[in-house]
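In: pasting a predicted model and its sequence here:
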Amino acid sequence: MKVLVVGSGGREHALAWKLTQSRRVSEILVAPGNAGTAGIAENVDVPTTDLQGLVALAENRHIDFVVVGPEVPLSLGLVDVMQEAGVAAFGPSRDAARLEASKSFAHDVMRKCGVPCAASRVFTEFETAQGYAATLEPPFVVKADGLAAGKGALIVTTQREATDALYDILVRRVFGEAGDRVVIEEFLQGKEVSLLAFSDGEHVAPMVPSCDYKRAYDGNRGPNTGGMGCYSPPGFFDAAMVQQATETVITPVVRAMAAEGCVYRGVIYAGLMVELDRIHVLEFNARFGDPETQVILPRLQSDLFDILESCVAGTLTPESIAWKPGCSVGVVMASGGYPGHYERGKVISGLDRADSDVVVFHAGTRLDATGRILTDGGRVLNIVATGETMAEARDRVYSSVARISFADMMYRTDIARREVS
């Protein structure tokens, strides 16, 4: 099988890396890819938002199967146009991807099927939103309704912060069209966990749970990012909790959407808040998470391609998917200044000094004319290690992180620390 992976980040490098292990995959193309995918696949310079260009690539190169990584091409309908062209594609349709592309749509679905989530209101006008926010006692959450690269949710702790957040989204338009509407949500307390699941529109197969770190700096300080690290599994979210979340959150949403003619095939990602034995939904994503994918796939024992194909065909058998025991920890190495302004083009050194049992997933990297690997984004690398215990995985990953460097790099030193302290 010839497979095309769409995307250029660490998630796509991880997907391509895992697909190279499939007995059924003979060739992998990545569009547009990065310096890491260039070492295991063929990069093709087609943007993720060029839907017709990607279809032409699939047709011209006789691609058998397409795996869509990022949320934007899913929300634009890339899976739909691939299927119209007769190319099998993994990911939800444009209509189904609204589960991530519109937070208000997700809340409507959850209310209809009784899935527990934060109370919320939706607004399009700054004055109306500000008036409602003034009636609330902080903290609460202000979210851009649309796609904002994981940075559109703001926890406000004062009325001044609420006003600033609403003004930034609705008036200054810092998130562009994603801020056409704003969602004001109840603040939920507890521990956050990410639970991703494969879905064929009827059957649901949960993956191993994980926890990511959104804030830029140690101690959960600083601005929100796309994710600065991740680990799996969280000690507070055991197999019984996975089953509970699958039965009370993910399966009801998948079936409710199918009942309305919006069949959900792909990965459904539930961001959850857990307090004691109570589970509430913070948000849904309509794809593999980043950086969650990088710590989840090294624990997958089954053939990834077989699973993806069964989701598209509607033949997913959850009981056939096997996971390796143990733990995994991933640390993001980012450009200084991220998620704000940062410089590109820094030479990365020490990649060959990482331990052989540690995986280096590239995100924002590129090759120069001489073959050197340079930084080319905010999140540059994701270093991932596994181990029998969390402490072992954590020691391994930070040992390798210490040997890799580029100018002005930054990373958190506390990923998974709470699990071993």
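Out: Great, that's in hand. Numbering: from 1, shown residues only.

In: okay, CA-based contacts and neighbour counts for the rest of this
Out: OK.

In: now for the helix or strand containing residue 75, which elements pack on it?
Out: Element membership for residue 75 (DSSP states H and E) is helix 71-76. In this structure, helix 71-76 makes packing contacts with helix 98-101, judged by 3 or more C-alpha pairs under 8 Å, 6 or more residues apart in numbering; DSSP states H and E.

In: what residues does the helix it packs on touch?
Out: Judged by C-alpha atoms under 8 Å, 6 or more residues apart in numbering, the contacts made with helix 98-101 from elsewhere in the structure are 71, 75, 105-106, 145-147, 283-286.

In: buried residues of stretch 324-338, list them for me.
Out: Buried residues in stretch 324-338, counted by 16 or more other C-alpha atoms under 10 Å: 327-336, 338.

In: ok, stretch 136-151 next?
Out: Neighbour-count burial for stretch 136-151 [16+ other C-alpha under 10 Å]: 138-148, 151.

In: avg pLDDT for the one helix or strand residue 398 maps to?
Out: Taking DSSP H and E as the criterion, residue 398 maps to helix 390-401. Mean pLDDT, computed over helix 390-401, is 98.

In: what's that helix packed up against?
Out: In terms of contacts (3+ C-alpha pairs under 8 Å, 6+ apart), helix 390-401 is packed against strand 327-335, strand 358-362, strand 379-387, helix 417-420.

In: at 10 Å what do you get?
Out: Contact partners of helix 390-401 among helices and strands, from 3 or more C-alpha pairs under 10 Å, 6 or more residues apart in numbering; DSSP states H and E: strand 229-232, strand 327-335, strand 358-362, strand 379-387, helix 417-420.

In: can you name the next helix or strand after it?
Out: Downstream of helix 390-401, the next assigned helix or strand under DSSP H and E is strand 409-410.

In: about what we covered before: can I get the helix or strand following the helix holding residue 75 in PDB? Just the C-alpha atoms.
Out: Scanning forward in sequence from helix 71-76 by DSSP H and E, the next helix or strand is helix 78-84. Listed next in PDB are the C-alpha coordinates belonging to helix 78-84 (Å, rounded to 0.1, in the frame of the first residue of the first chain):
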ATOM      1  CA  LEU A  78     -10.100  17.100   2.700                       C
ATOM      2  CA  VAL A  79     -11.500  13.700   3.500                       C
ATOM      3  CA  ASP A  80     -14.700  14.500   1.500                       C
ATOM      4  CA  VAL A  81     -12.800  15.500  -1.600                       C
ATOM      5  CA  MET A  82     -10.400  12.500  -1.400                       C
ATOM      6  CA  GLN A  83     -13.400  10.200  -1.200                       C
ATOM      7  CA  GLU A  84     -15.100  11.900  -4.100                       C
END
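
In: what's downstream of helix 78-84, the next helix or strand?
Out: Tracing the chain C-terminally past helix 78-84 and defining elements by DSSP H and E, one meets strand 88-90 next.

In: what is the least confident helix or strand in this structure?
Out: When the helices and strands of the chain are compared on mean pLDDT, DSSP states H and E, strand 153-156 comes out lowest with a mean of 88.

In: tell me where this structure has helices.
Out: Secondary structure of the chain by DSSP state H: the helices cover 10-19, 51-60, 71-76, 78-84, 98-101, 103-113, 126-133, 159-170, 239-245, 251-259, 292-296, 304-313, 390-401, 417-420.

In: please list all residues in contact with residue 67.
Out: 3-7, 12, 15-16, 30, 79, 88-91, 266, 305, 308-309 (C-alpha atoms under 10 Å, 6 or more residues apart in numbering).

In: let's go with 7 Å and repeat that
Out: Shown in contact with residue 67 (C-alpha atoms under 7 Å, 6 or more residues apart in numbering): 4-6, 89-91.

In: need those residues in a markdown table with neighbour count, pLDDT and distance to residue 414, can you?
Out: A markdown table is the format used below for the contacts of residue 67 (neighbours: other C-alpha atoms under 10 Å; pLDDT from 0 to 100; distance: C-alpha to C-alpha, whole Å):
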| residue | neighbour count | pLDDT | distance to residue 414 |
| --- | --- | --- | --- |
| 4 | 28 | 98 | 35 |
| 5 | 26 | 98 | 32 |
| 6 | 27 | 98 | 31 |
| 89 | 27 | 98 | 37 |
| 90 | 28 | 98 | 34 |
| 91 | 34 | 98 | 33 |
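
In: got the buried residues for stretch 25-40?
Out: Residues of stretch 25-40 classed as buried: 25, 28-38, 40 (neighbour count, 16+ other C-alpha under 10 Å).

In: what's the span of it from first residue to last?
Out: With C-alpha to C-alpha, to the nearest Å as the measure, the first residue of stretch 25-40 is 12 Å from its last.

In: ok now that stretch, how far from the chain's centre?
Out: Relative to its parent chain, stretch 25-40 has a centroid offset of 19 Å by C-alpha atoms, centre = their mean, to the nearest Å.

In: now do residue 343 against residue 337, distance only.
Out: Distance check for residue 343 against residue 337: by C-alpha to C-alpha, it reads 8 Å.

In: repeat for residue 131
Out: 34 Å.

In: residue 10 now?
Out: The value you get for residue 10 to residue 337, if C-alpha to C-alpha is used, is 19 Å.

In: now do residue 237
Out: Computed with C-alpha to C-alpha, the distance linking residue 237 and residue 337 is 33 Å.

In: what comes into contact with stretch 137-155?
Out: Applying C-alpha under 7 Å, 6+ apart, the set of residues contacting stretch 137-155 from outside is 101-104, 156-158, 165, 169, 175, 178-179, 181-187, 224-226.

In: typo on my end, it should be stretch 398-417
Out: For stretch 398-417, the surrounding residues in contact (C-alpha under 7 Å, 6+ apart) are 217-218, 228-231, 329, 331-336, 346-351, 353-355, 383.

In: starting at the chain centroid, how far to that stretch?
Out: Stretch 398-417 has its C-alpha centroid displaced from the chain centroid by 21 Å (C-alpha atoms, centre = their mean).

In: start to end distance for that stretch?
Out: Using C-alpha to C-alpha, the end-to-end distance of stretch 398-417 comes out at 11 Å.

In: please spell out which residues along it are buried.
Out: Buried residues in stretch 398-417, counted by 16+ other C-alpha under 10 Å: 398, 400-401, 404-406, 409-412, 414-416.

In: would CSV of the residues you listed with distance to residue 375 be doable?
Out: Written out in CSV, the entries for the buried residues of stretch 398-417 read as follows (distance: C-alpha to C-alpha, whole Å):
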residue, distance to residue 375
398, 20
400, 18
401, 16
404, 12
405, 11
406, 8
409, 10
410, 12
411, 14
412, 18
414, 23
415, 22
416, 25
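
In: out of the residues you listed, who's nearest residue 245?
Out: Within those, distances to residue 245 taken as C-alpha to C-alpha reach their minimum at residue 416, with 22.2 Å.
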